[in-house]
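**Q** got a structure for you, letters missing:
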Ligand code: SF4
Ligand SMILES: [Zn+2]
């Protein structure tokens, strides 16, 4: 990123934080949390930072204009200590991260590639570079389809958390991460003290790992109807779905063992919630600060009310910046949608874009600022 | 206190009401203990610890119960004696023995009493209409992870609305774990040595003698070893295997899961196992991959808890084991300090 781009970014970030600073409210008590910041591109994280009050925190943000802001999932006695074990963990929120792999572009226009070997790039879908033949790198911008999929997983997660694990909806905080996925923070008293091993169990529950298939297979093959067994939890969900797919208990009973086993595998694959286990197991994790800007996209980690979840439109509702025009030198960008509009494709051109779209392209490393 | 309650306190002397009984009726200071005719209690206390070391279970007979003053008093004395040994193995074994004995006795109790004991130990259970016991998920997770069998995994449980459902026996098992934790933590409280009467010191001497006679407890606690990343229990198996000695199936499972947890590659682990007398490449490969969750349902096996290690006679604690519940917690402070963000 060129210096001019960075300055442009910092200017716009400042405007955002100046206007929205009241939305940045870390969980109480603030002085028990560790904070971390990326203050400059390519530099390491500035962490082990702690604040005594919300005001100090806000002042820091407005004076430093960080590119990214993080807060620990954990409460510590001494969050500012540089030695992790000396911080003295008190407890930690349960934290879930759902990212979905980028999906492939549907049309040529929506794809672009770059060859890292010889430096060529162009619009279109090419797996190999036409001039040197080496594998290309596809330019992946956020796609509605991909985010839709992640949202579906998030809804699944919330369902299990509330129905099975008994998390109160009021303690369930859902966010669009500002880039490729969603975050769910659980701030429920009795779940704060769950140890690493306990978190591992919750992860296995969500990913349906270590399921005792034998018992389930027995029930399925004996053709027991749901009224006659008292299944609960994962097993019940798996059982019901298989029954639904098979059509009836009789049909299930008549199926070959391998068929049922295959069905079982498919259903587990379908029902498991694709959380990132590494994130949840780690009590010392730093989470992106709600309502802060994600510098990987220039969008906001946006809070979503549970009742609005299914209709949430990340590419419209998580925009941080205005729509004044800014001039941008774009290297390469496939066609993309943002803020309810469609842009591109662009290649080696200077274009006028609304600030939010300009920043998006800069954050994705595909263009540089060329004046306002 | 009704006589029934007193008998219950004698049967489960770690319950709060047993403490209450003592504080109301007996002057329990180290100085006065000797005088209050507690010789019998002291004797019984030594017996409790010996029971735990030798039979892995503290037995309480009906006669013991009827002798309730002695019985109730013998528990805090036993805790003091164990603490005075300053021996990690004795601490752990004693806690296990007390909790096992209590488990067995709990199985004979009414639902009501069982739930009462559980509640007093902080393992609240609610009886539902199908005579299943419901336990809150966080409580369940805190206790159940120390069991290794797959049916204890949350994913295999009847889970609903924040609760895990279970039968009486399983509930009693959870309570047992909490009793174990409680007793163990009690034995960690230091006792001012100077204040202890001679009779106590002699009793401690007796316990240590029993301990040293027991084959299972090679005095690993004496060697002030440098704390490495590998807990002594696992270090011991590794050394044994490196010498080409045959390790049991469970010992191999422990070492393999430990190495997997420490991110050693499958090849490295197989290489390590190749020193075993009955080594076969394909079999070992299959087993290790299975444990790593690369085969058969993707279930990754975890390293057994300290509790499981102890019950299998594989716990050889040193001073750095104090207070930990899982071998992977050993050397935890060495964990990397680098930021992980989402
Ligand atoms: S780590 Fe646990 S099992 Fe191993 S020796 Fe220490 S206390 Fe015993
Ligand atoms: Zn090329």
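**A** Okay, I see it. Keep in mind that what you see is a predicted model, and the values were worked out from it rather than measured. Ligands and ions are numbered 1, 2, ... in the order given.
**Q** when you work out contacts or count neighbours from here on, use the C-alpha atoms and nothing else.
**A** Fine.
**Q** distance of the closest residue in space to residue A:8 that isn't next to it in sequence relative to residue A:297?
**A** Take residue A:8 and drop its neighbours on the chain: the residue closest to it by Cα to Cα, 6 or more residues apart in numbering or on different chains is residue A:369, 7.2 Å away. Residue A:369 sits 15 Å away from residue A:297, going by Cα to Cα, to the nearest Å.
**Q** same check on residue B:122?
**A** 48 Å.
**Q** what's the answer for residue A:155, then?
**A** Taking Cα to Cα, one finds residue A:155 at 23 Å from residue A:297.
**Q** the more surrounded of those two?
**A** Per other Cα atoms under 10 Å in any protein chain shown, whichever of residue A:155 and residue A:297 has more neighbours is residue A:297, with 22 against 17.
**Q** list the buried residues in stretch A:269-284.
**A** Within stretch A:269-284, the residues scored as buried using 16 or more other Cα atoms under 10 Å in any protein chain shown are A:271-277, A:279-284.
**Q** so residue B:53 lies in a helix, does it not?
**A** Yes. Under DSSP: H, G, I helix; E, B strand; the rest coil, residue B:53 sits within a helix.
**Q** excluding its backbone neighbours, what's nearest it?
**A** Looking at residue B:53 with Cα to Cα, 6+ apart, the closest residue is residue B:93, at 6.0 Å.
**Q** that neighbour: which element?
**A** Element membership for residue B:93, per DSSP states H and E: helix B:88-106.
**Q** hang on, the earlier thing: would you agree the residue nearest to residue A:8 is in contact with residue A:9?
**A** No. Assessed by Cα atoms under 8 Å, residue A:369 is found out of contact with residue A:9, at 9.0 Å.
**Q** for ligand 2, what is the nearest residue in the stretch 201-350 of chain A?
**A** Nearest to ligand 2 in the stretch 201-350 of chain A, going by Cα to the ion, is residue A:332, at a distance of 15.2 Å.
**Q** quick one: mean pLDDT for the one helix or strand that residue maps to?
**A** Assigned by DSSP H and E, residue A:332 belongs to strand A:325-333. Across strand A:325-333, pLDDT averages out at 95.
**Q** next SSE downstream of that strand?
**A** Next helix or strand after strand A:325-333 toward the C-terminus (DSSP H and E): strand A:336-338.
**Q** could you pull up the mean pLDDT of that following strand?
**A** For strand A:336-338, the per-residue pLDDT averages 94.
**Q** now stretch A:107-123
**A** 88.
**Q** also stretch A:76-86?
**A** Rounded mean pLDDT across stretch A:76-86 is 91.
**Q** and it, end to end?
**A** 9 Å.
**Q** identify the residues contacting residue 163.
**A** You didn't say which chain, so I picked chain A. Residue A:163 makes contact with B:160-162, according to Cα atoms under 8 Å, 6 or more residues apart in numbering or on different chains.
**Q** ah, no, chain B please
**A** A:164-166, B:134-137.
**Q** repeat for residue A:116
**A** With Cα under 8 Å, 6+ apart, residue A:116 has these contacts: A:136-137.
**Q** and if you look at the one 10 residues further on?
**A** Shown here is residue A:126, whose contacts under the criterion Cα under 8 Å, 6+ apart are A:112-113, A:136, A:138.
**Q** for it, give its distance to chain B.
**A** 31 Å (Cα to the nearest Cα, to the nearest Å).
**Q** residue A:10 versus whatever residue of chain B ends up closest to chain A, what's the distance?
**A** Residue of chain B nearest chain A, by Cα to the nearest Cα: residue B:162 (3.6 Å). With distances taken as Cα to Cα, residue B:162 is found 45 Å from residue A:10.
**Q** cool, residue A:144 as well?
**A** Residue A:144 sits 27 Å away from residue A:10 when distances are taken as Cα to Cα.
**Q** any weak-confidence spans in the stretch 151-300 of chain B?
**A** By pLDDT under 70, the low-scoring segments of the stretch 151-300 of chain B are B:215-228, B:296-300.
**Q** neighbours of the closest residue to ligand 2 within the stretch 1-150 of chain B, how many?
**A** Residue nearest to ligand 2 within the stretch 1-150 of chain B (Cα to the ion): residue B:150, separated by 51.9 Å. By other Cα under 10 Å, the residues close to residue B:150 number 15.
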